[in-house]
Structure formats: structure tokens, C-alpha cells
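**Student:** I'd like to go over a predicted model; first the sequence, then the structure.
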Amino acid sequence: MSDVFISYARSTTAKQAQAVAEALRGLGYDVWLDTELPAHRSYSDVIEERLKAARAVIVIWSAEAAKSEWVRSEADRAREEHKLVQVRVDGARLPMPFDQIQCADLAGWSGDLDAPGWAKVAGSVRNLVGGSGAGPSPSSQAQPSLPSKPSIAVMPFANLSGDAEQDYFADGMVEEIVAALTRFKSIFVIASGSTLSFKGKAVTPREVARELGVRYVLEGSVRKAGGRVRIAVKLIDAGDGAQIWADRFEDTLEDVFALQDKVALAVAGVIEPSVRLAEIRRVSKRPTENMGSYDLYLRAMALYETFAPAEVFKAIELLERSVALDPDFAPAMSVAAQSHAYIVAFGWTDDPASHRQKGVELAQRALRVRDADSQVLAQAAYSAIMLTGDLEAGAPHIDRAMALNPGASHVWQLSGIMQIRRGNADLGIEQVETAMRLDPVSSVRQTAQRMFIAIGRLEQGRLAEAAAILKETTRQIDTPFGHAILAAVEGLLGNVVEAKSALARYRERSNNAIERSGAFFIRPEHRERFLEGVAIAEGERPVPGTEA
């Protein structure tokens, strides 16, 4: 059970409660908030159970809390059992008899662990619970520490079918998802044998996370009705109990193993980008000094995915520091190689040769270090393709990445782009759309993916569709390449004003001649079509159908 129970009025002090909880967890205490109430039990029973078991009860008083019967009842129980710690966050008067008891002032507290009010809270908890207050409490010392990379446990799925024979399907679903997740080398995954040992036990995500040493927990349920089955899943950050992502899948039970495999790949494909975004948000809240290699990499990823010149250059600086701390950290190398490729391709430098050389060296180094990591394989190989133009040399690496991990969104994206470059628009668009389905949470990446779908539409001759997509994506991601393609498409459509506008935006953002963007197309007829549109935009060729 938890060391500390926090009572508060959710309508007004939820943020303060989370801040207090995180500060105490940082000191090693196990903290319980009502955000961790399980869905299958009476909340009053759970609250009473947790309140009784806690060794310290922190009551966060506010004007609303003073009016709450729940908060006053919880405070009264804690007072009677001599484990009450009071905190005030506004100027509201405390109700009787709590106004006669010492109360720490945390009004305007921003998480400073040296603040006098917080020192009083930490001291009271230390006296009630035990431990030094500067590290893990005695109850947590035996628990495993968090790995250096994102970590996840897939919990036993609840069988809601009322049919005990369906337990095998629910357990098999867990095993398949764990197997799919292990293909992502960027995630630490607890083996299914360990998580299935929790089957039938009423435990919270926080308790599971503490015992197994993970940050994220995946929960799920299976419900069978007739010949169909519905599978519901949700991903939880055990640190604060927040739900990161949830979805459900429904299909027939005609081929149980095929269904398990399909759901496992879909769930794993969404979990990886969801966890990546959660990790970036988490590390962005930290100070910028004394960070480890992985944290530097996460900060760089947030900058890299903006596709903005200044941010990409900053990302390279962080990635260089990341690799300096860990010379074998291939993910940082592959992102740095891709960043150099953007700089060269978009004309953001007066020294393209230097960036080309650095990018190729980083890509080759990443491939040598982590040749079994699908993400690294695909990104490093495609960076090398962008920098050298040798598509055929990089293609086998991307194909191998696809075979290693068919649930990786980024690999599908890069494979799709490669197919579009080759002129295989139908297959390329299909693969990019698969990438979008596997990663529905990354809005910036989805915008970039739609831009390449537009290029596929250009190759297919569906110019109006391509223009509509490009107008939207270039507003969201201001890349020179997007403006170059839009200028060509608008020119081919005869929209001269729009074509010239896109051409002007391209020249504002790149020092390269716009014709160089035509190197994207491998097939001569597609490259010539692009250059024809550019020539119309530049006024060097008449609009089709207007020749004298």
C-alpha cells in the first residue's frame, strides 16, 4: 500500500496535488491520488482502504476543499489516526477543528524543494513515514530502478466475455503485443511471464510500475459476443496516472492467431510514437544542464521535427553532445545524419560539402553500430540516400528494416517515400498511409507524410488533389521542398498567381536553385513534369492550352 494519501478538491487543486505527489515520489515515497481509482471497484471502498493503509495523509486545503464533505471526512479520519499533514494553497479559512492545527503554506509554490513551506511538508512526511526524505523510503529500496530508455509492462487483459475459455485468447494477446514491442530497440519491455503473474490481482498501474521498474503500463480487455471479439487497450504513464492513448479493435474470431497478430502490430506501432512524445514532454520540463545522452537525444528530437532551419542546427548540437557522452548511441547518430541531409537538401548552408560529409559519416557509423535496429537502419540508410543520391545502395537497408519490424511507422514512411521516388506511386502512397495509421498521434510527422502523398498524386496526374494537400501541409510545415512541389503543381494547373507565390516562398527559404528539387524523382518523365511546372511558374513557358 502507499506511504502517502493525498486529499484535495479536484475542481481547483488538481495541479497542486500532482506537483506535491511528484515531489514526494522524487524523494522515494509511494503516493496515492484518486486518479488511480480502478474502474472495476467502488470508489468509496478503494478510498477508505487506501486512507486506512497510508502512513501519512496530506490534505490540500482551498476554498473548494473546505466545502467538500469528502475532503473534510478524509481529513477527520487522518486527524483521528494522528497522520494528518495540512497544506494551504490559497487564503481560504480552514474549517473547524483543522484551523487549530499547524498548516504549511504552499500558495504559489512552483516545485522548489528548498521553499520553507515544502520543507515543513517533507519533514512531517519523513516523521510519519520514515526514511531520510532525500532518497528512496525503506519500502522502495528493493524495487528495480527505471531503465535508461522508455520502459513498459503489458498487463494481463481482462476477459469480459463471461467465458473462461476465452482466457487463452486474452493471455495470447498479451504475449503477441509483448513480442511485437520487443522489435522496437528503443523500448525496454517486461517479459509476458512477469506481467501475467499479476493476473487476477487488484493492483494499480503505479504499484505495477514500482514492482517491475517501468514507467508505462498497457492495460486491456477482451469481450466476445457471438462470433466477434472487441479488444480495448489504454496506455498509462504510471508516474502521474495519466492516460496517454486508448483505442479499441473489433473483428471476427474466424482466425484467432491472425487477429492477435494484427492487433499486436497495430498496438505496438502506436505505442512507440506515443511513448516517444510522452518522453519528449517529460524531459522538456527538466533543467538543461547535466543531462545524459538519452535526454539530449529527446530534446534534439523535439527540435528536429519542427523542420525549421535554426531548430535543426540546434538539434545537431544536442545530438553531438549526446554521441560524445555515448559513442555507441546509434539513434542519435541517425537523427544527426538526417539533420545534415535536410540542411544540404534545403540549401540552409553555404558549406554543403561539409554537411554532406558529416552526414554520410554519421549514417555509416550508425549502420555499423546498430544494424539490427529497424529505426536506425531505415533513417540512416535514407539519410545516406538523400546525401549521395545512391538510392539502390540504401534500399536493401530499408527493406531489412521492414522485415525486422513491420509495426514501425517511421520505417513504413521511409519505404513509401523511396517507392514514390522510384515512381511507384500506388505502392508508395499505400505504405505512407500505413505509416499514418500506425502513428496517429504525431501531428507534425503526419503532415510530412501527407506531403509525400501529394507528390504521389502529382506522379499519378491527380494535380488538383496534390495542390489541395500541399496548400495545407506547407502552411503547417514551412519546408522549401514543399513549396517547390506546390509551385510546380500550380504551374501545371495553370494557376500562375499561386505558382509564383509558392515560388517566392521557396526562394525565401532556400539558397538552392528550385530545379535541384527535381532530383527527388528517379523516373525522367516525372522529373520533366516537375521541371515543366516550375518553368511555367517562372514564366519561362506558357500555361498549357494558351500557346499562340
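**Tutor:** On my side now, so go ahead.

**Student:** how about Leu404: what's its closest non-neighbour residue?
**Tutor:** Ser374 (4.3 Å; C-beta to C-beta, 6 or more residues apart in numbering). All C-beta spots, glycine's among them, are computed from the backbone N, C-alpha and C.

**Student:** how much space between the one you found and Val497?
**Tutor:** The gap separating Ser374 from Val497 is 45 Å, by C-beta to C-beta, to the nearest Å.

**Student:** is the residue sitting nearest the centre point of the chain in a helix, a strand, or coil?
**Tutor:** With distances taken as C-alpha atoms, centre = their mean, Leu277 lies nearest the centre of the chain, 2.3 Å away. Classification of Leu277 by DSSP: H, G, I helix; E, B strand; the rest coil places it in helix.

**Student:** wait, it touches Pro440, no?
**Tutor:** No - if you go by C-beta atoms under 8 Å, Leu277 and Pro440 don't touch, sitting 11.5 Å apart.

**Student:** tell me the contacts of the residue nearest to Leu404?
**Tutor:** Arg183, Phe184, Lys185, Ala401, Met402, Leu404, Asn405, Ala408, Val411 (C-beta atoms under 8 Å, 6 or more residues apart in numbering).

**Student:** look up how far Ala78 lies from Phe98.
**Tutor:** Distance from Phe98 to Ala78, by C-beta to C-beta: 10 Å.

**Student:** shared neighbours of the two, anything?
**Tutor:** By C-beta under 8 Å, 6+ apart, the residues touching both Phe98 and Ala78 are Val59.

**Student:** so for those two, which sits in the more crowded spot?
**Tutor:** Ala78 (22 against 19; other C-beta atoms under 10 Å).

**Student:** nearest spatial neighbour of Gly347, skipping sequence neighbours?
**Tutor:** Nearest to Gly347 is Asn512, by C-beta to C-beta, 6+ apart, at 3.4 Å.

**Student:** and what of Arg365?
**Tutor:** Met333 (5.5 Å).

**Student:** can you check Leu319 too?
**Tutor:** Counting by C-beta to C-beta, 6+ apart, Leu319 lies nearest to Ala336, which is 4.1 Å off, once chain neighbours are set aside.

**Student:** ok, now which ones touch that neighbour?
**Tutor:** Ala300, Ala315, Ile316, Leu319, Glu320, Val323, Lys358, Gly359, Leu362.

**Student:** quick one, grab the pLDDT at it.
**Tutor:** Ala336 is assigned 96 on the pLDDT scale.

**Student:** for it, what are phi and psi?
**Tutor:** phi -60, psi -40 (degrees, to the nearest 10).

**Student:** how far away is it from His82?
**Tutor:** Counting by C-beta to C-beta - Ala336 and His82 are separated by 57 Å.

**Student:** ranges for the helices of the stretch 251-400 of the chain?
**Tutor:** Counting by DSSP state H, counting those that start in this stretch, one finds helices in the stretch 251-400 of the chain at the ranges 256-284, 293-304, 309-325, 330-345, 352-369, 374-388, 391-404.

**Student:** got a pLDDT number for Pro136?
**Tutor:** Reading off the model, Pro136 has pLDDT 40.

**Student:** so where do the strands sit in the protein?
**Tutor:** Assigned by DSSP state E, the chain shows strands spanning 4-7, 31-32, 56-61, 84-88, 104-105, 151-154, 158-159, 188-189, 216-225, 228-237, 242-252.

**Student:** in CSV, list those strands along with distance to Thr479, mean neighbour count and mean pLDDT.
**Tutor:** Output for those, formatted as CSV (distance: least, C-beta to C-beta, whole Å; neighbours: other C-beta atoms under 10 Å; pLDDT from 0 to 100):
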stretch, distance to Thr479, mean neighbour count, mean pLDDT
strand 4-7, 46, 26, 88
strand 31-32, 45, 24, 80
strand 56-61, 47, 25, 90
strand 84-88, 49, 24, 88
strand 104-105, 51, 18, 85
strand 151-154, 33, 26, 88
strand 158-159, 45, 18, 86
strand 188-189, 34, 22, 85
strand 216-225, 32, 21, 86
strand 228-237, 31, 20, 87
strand 242-252, 28, 14, 84
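
**Student:** dump those to a markdown table, plus distance to Arg462.
**Tutor:** As requested, these are exported to a markdown table (distance: least, C-beta to C-beta, whole Å):
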| stretch | distance to Arg462 |
| --- | --- |
| strand 4-7 | 57 |
| strand 31-32 | 56 |
| strand 56-61 | 58 |
| strand 84-88 | 62 |
| strand 104-105 | 65 |
| strand 151-154 | 41 |
| strand 158-159 | 46 |
| strand 188-189 | 42 |
| strand 216-225 | 40 |
| strand 228-237 | 36 |
| strand 242-252 | 31 |
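
**Student:** returning to what we had before: let me know which of the helices of the stretch 251-400 of the chain is the nearest to Glu22.
**Tutor:** helix 256-284 (10.8 Å; C-beta to C-beta).
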